[in-house]
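Participant: need a 3D model of the sequence below.
(one chain, ligands or ions: 2)
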Amino acid sequence: MKNENKKIKSGYVCIVGKTSVGKSSLLNKILGEKISIISNKPQTTRKKNIGIFNDFDSQIIFVDTPGLHLRKNKLSDAMFKIIEREILNSDLILFMIESRLDNIDFDFINKVKKINKTKILVVNKIDKFDEDKINKLIIDLDIKEFNSIIKTSVKQEKNLDLLINKIKENLSYGPKYFDNDILTQTSEREIVCELIREKVLFYLNQEIPHGVFVENNLFKKNIKKIYDLDFDICCERESHKKILIGANGKMIKKISIASRIETEKFLNSRANLKLWVKVKKNWRNKDIYVNKILK
Ligand SMILES: Nc1nc2c(ncn2[C@@H]2O[C@H](COP(=O)(O)OP(=O)(O)OP(=O)(O)O)[C@@H](O)[C@H]2O)c(=O)[nH]1
Ligand SMILES: [Mg+2]
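Facilitator: Ligands and ions are numbered 1, 2, ... in the order given. Here you go, the predicted model:
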């Protein structure tokens, strides 16, 4: 029987850190579902993604944010605004790092000094680096800024329980913000757009995947209970369009097959997926596109 009166720990936990440290991987692993896309290329996540964790005595709303990076265009600026807003809206900040620290990390630590919230330092990818290197890294940091330090390997699922317990310890008793069956606020349509962009990130290199956004034209289940899906992959230049399509359409075919497989898994249903490649010149510096993508 449901016990609605049971006291639980609850709150918003913002996951922030440099690009590629493993923020989205952490969110997905904790939830056991792919809410946020992952890649080994920088600036994968562009907007916030919420993942809601429930257990017997807590509800933790994890907020995955875009990675901290050097600002280059209006898209970067808008991503930084998202990070700042989510930090302010959160009850607790998880600051994630890996083996190397640079000015981006130190600037961030300086900024959050003034914010009076619990901060937990998460040192991720311990499967990749030796203990001495990690300990030296921690010594280099201004440790007093953090309430706790947890060393994790998201890949090997190491110390994730420890992290959850530490978060719970630092959250207050509070309301249940969402019903137990709600995992995220991101719509299926948005997640499929992201899954397609993840495949573009996987198959293409250098500037091309970073200059891509995906737009949905059709998202409907037909009478045969198959999803009819139609998306535009928008890139910045004619030359990028050619590479995205590839010789005899080989590249777009690869992207399309991989996207369909992942989409069908996610939707738990068959899907007819159509992809079109379009050019939107210099869109990362145009408010109209940036606002539309990050809305
Ligand atoms: N070896 C190792 N790799 C990891 C671990 N966690 C994440 N990764 C890898 O690190 C890469 C980046 O992971 P993401 O989760 O996309 O990183 P992110 O911090 O969300 O990146 P942005 O969205 O660009 O800010 C991927 O290739 C992951 O598979 C870990 O614990 N160990
Ligand atoms: Mg990410």
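
Participant: contacting residues for the residue of the chain found nearest ligand 1?
Facilitator: Ligand 1 sits closest to Gly67 of the chain, with a gap of 2.3 Å, by CB to the nearest ligand atom. All C-beta spots, glycine's among them, are computed from the backbone N, C-alpha and C. By CB atoms under 8 Å, 6 or more residues apart in numbering, the residues touching Gly67 are 17-21, 23, 42-45.

Participant: give me the subset of the residues you listed touching ligand 1.
Facilitator: 19-21, 23, 42-45 (CB under 6 Å from any ligand atom).

Participant: so which of those belong to helices?
Facilitator: Lys23 (DSSP state H).

Participant: so which of the ones next to ligand 1 among the contacts of Gly67 is the most crowded?
Facilitator: Counting neighbours by other CB atoms under 10 Å, Lys23 leads the ones next to ligand 1 among the contacts of Gly67 with 31 neighbours.

Participant: any idea how far Val13 is from that one?
Facilitator: 11 Å (CB to CB, to the nearest Å).

Participant: with Lys41 instead?
Facilitator: Distance check for Lys41 against Val13: by CB to CB, it reads 25 Å.

Participant: looking at the two, which one has more neighbours?
Facilitator: Higher neighbour count among Lys41 and Val13: Val13, with 24 against 16, using other CB under 10 Å.

Participant: host element of the more buried one?
Facilitator: Of the helices and strands defined by DSSP states H and E, Val13 is found in strand 8-17.

Participant: helices and strands around that strand, which ones?
Facilitator: helix 23-31, strand 58-64, helix 74-89, strand 92-97, helix 103-112, strand 173-174 (3 or more CB pairs under 8 Å, 6 or more residues apart in numbering; DSSP states H and E).

Participant: pretty sure Thr152 sits against Val122.
Facilitator: Yes. The criterion here is CB atoms under 8 Å, and Thr152 meets it with Val122 at 5.7 Å.

Participant: overlap in contacts, these two.
Facilitator: In contact with both Thr152 and Val122: 26, 163, using CB under 8 Å, 6+ apart.

Participant: look at those two and report which has more neighbours.
Facilitator: Neighbours were counted for Thr152 and for Val122 using other CB under 10 Å; Val122 has more, 27 against 22.

Participant: okay, that one and Ile93: tell me how far apart.
Facilitator: Val122 sits 10 Å away from Ile93, going by CB to CB.

Participant: pLDDT below threshold where in the protein?
Facilitator: 1-5, 142 (pLDDT under 70).

Participant: give me that answer again for 50
Facilitator: 1-2 (pLDDT under 50).

Participant: check which helices and strands the lengthiest helix in it sits against.
Facilitator: Counting residues, the longest helix found in the chain (DSSP H) is helix 250-267. Packed against helix 250-267 by the contact rule (3+ CB pairs under 8 Å, 6+ apart) you find helix 188-203, strand 227-235, helix 238-245, strand 271-279.

Participant: TSV for these, including distance to ligand 1 and mean neighbour count?
Facilitator: Output for these, formatted as TSV (distance: least, CB to the nearest ligand atom, whole Å; neighbours: other CB atoms under 10 Å):
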stretch	distance to ligand 1	mean neighbour count
helix 188-203	9	20
strand 227-235	19	21
helix 238-245	20	16
strand 271-279	22	16
